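Asks: Give me a model of this one.
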Amino acid sequence: MAAPQISDLDLLKKDLRLKMAQLRQAASPDDEAALRKFLLKEILARPAHRIAAVWPLAGEVDLRPLCHALSASGRQVLLPETTPKGSPLIFRRWTPAGIMTAGRFGTSHPEGEIDIPDLVLVPFLAFDASGYRLGYGGGYYDRTLAMLDVPAIGFGFAGQQVERVPRGPYDIPIPAIVTERGIIRTDPSKITMKD
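Replies: Just a heads-up that it's a prediction; the model follows:
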């Protein structure tokens with residue numbers, strides 16, 4: 001069996017992932033707190049009740065304080081369970097007193113019931129002004145967003161913005177990005193015919 005071919009797009013994404021993962025490590029606790037503050041403000045301004053958040057991996061933005069704040073505000077927090085590659089994520093209900101279970105790739109998810117979110121928070125390694133994001137390479141969020149057709153908010157740090165994220169045919173732009181500097185409404189008009 002022949003080895004799979006690596007495209008130029010795959011190489012561009014791989015290089016950018018490495019660079020941005022290192023850059024993200026430089027964020028301060030104050031940057032994280034500011035990001036969570038803006039993210040909470042954006043979420044609470046929306047009618048969504050079931051919010052899909054993320055339990056952090058090492059080096060990621062820690063949304064656990066946000067999960068507690070959302071729960072205290074009466075919103076239902078859902079956390080993803082990482083499914084086999086090629087499948088969309090599933091989301092389980094989380095409560096502050098709930099038990100977390102080890103998942104794939106070092107992730108954790110609650111033991112709660114499976115539910116469908118009204119709003120999905122999407123992590124990234126990089127983003128651009130058109131709302132395209134660079135994830136970890138599994139395509140989980142693009143598949144999930146395509147299946148759910150619900151609003152999404154990307155979150156990360158302002159330093160992770162690049163001029164143009166390398167994108168493929170299945171990449172989905174996100175209409176709002178939240179950083180430690182505030183909320184960015186992305187501009188689909190910046191998508192050119194070459195994209």
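Asks: Spit out the contact partners of residue 53.
Replies: Counting by CB atoms under 8 Å, 6 or more residues apart in numbering, residue 53 makes contact with 63, 66-67, 70, 77-79, 94, 121. All C-beta atoms are positioned from the backbone trio N, CA, C, and that covers glycine.
Asks: Highest neighbour count among these?
Replies: residue 78 (29 neighbours; other CB atoms under 10 Å).
Asks: So residue 170 sits against residue 139, correct?
Replies: Yes: Residue 170 lies in contact with residue 139 (CB atoms under 8 Å); the separation is 6.7 Å.
Asks: If you count surrounding residues, which of those two has more?
Replies: Neighbours per residue (other CB under 10 Å) separate residue 170 from residue 139, with residue 139 holding more: 17 against 9.
Asks: for this structure, what spans make up the helices?
Replies: Applying DSSP state H to the chain gives helices spanning 8-24, 29-44, 64-72, 140-148.
Asks: These: which one's closest to residue 57?
Replies: With distances scored as CB to CB, the stretch of the helices of the chain nearest to residue 57 is helix 8-24 (10.9 Å).
Asks: Quick one: mean pLDDT for that closest one?
Replies: If you average the pLDDT over helix 8-24, you get 69.
Asks: follow-up on the earlier one: can you tell which of the helices of the chain is closest to residue 89?
Replies: That would be helix 140-148 among these, by CB to CB, at 4.6 Å.
Asks: Sort out which residues of that closest one are buried, please.
Replies: Using 16 or more other CB atoms under 10 Å as the test for burial, helix 140-148 gives 140-145, 148.
Asks: Could you do stretch 152-168 as well?
Replies: 152-157, 159-162, 165-167.
Asks: mind putting the buried residues of helix 140-148 in TSV, distance to residue 54 and pLDDT included?
Replies: Listed next are the buried residues of helix 140-148 as TSV, based on distance: CB to CB, whole Å; pLDDT from 0 to 100:
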residue	distance to residue 54	pLDDT
140	11	87
141	10	90
142	15	88
143	16	90
144	12	93
145	14	91
148	15	93
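Asks: Output those residues in TSV; the columns should cover distance to residue 85.
Replies: Below are the buried residues of helix 140-148 laid out as TSV (distance: CB to CB, whole Å):
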residue	distance to residue 85
140	8
141	13
142	13
143	10
144	13
145	17
148	19
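Asks: what about the strands in the chain?
Replies: Here the chain has its strands, by DSSP state E, at 50-52, 76-81, 90-94, 100-102, 108-110, 114-115, 119-123, 126-127, 133-134, 152-155, 176-179, 182-185.
Asks: Let me have those strands in CSV, adding distance to residue 32 and mean pLDDT as columns.
Replies: Formatted as CSV, these follow (distance: least, CB to CB, whole Å; pLDDT from 0 to 100):
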stretch, distance to residue 32, mean pLDDT
strand 50-52, 18, 98
strand 76-81, 18, 96
strand 90-94, 19, 96
strand 100-102, 20, 86
strand 108-110, 18, 88
strand 114-115, 27, 96
strand 119-123, 13, 96
strand 126-127, 17, 91
strand 133-134, 18, 89
strand 152-155, 10, 96
strand 176-179, 11, 96
strand 182-185, 15, 94
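Asks: Sounds good, over and out.
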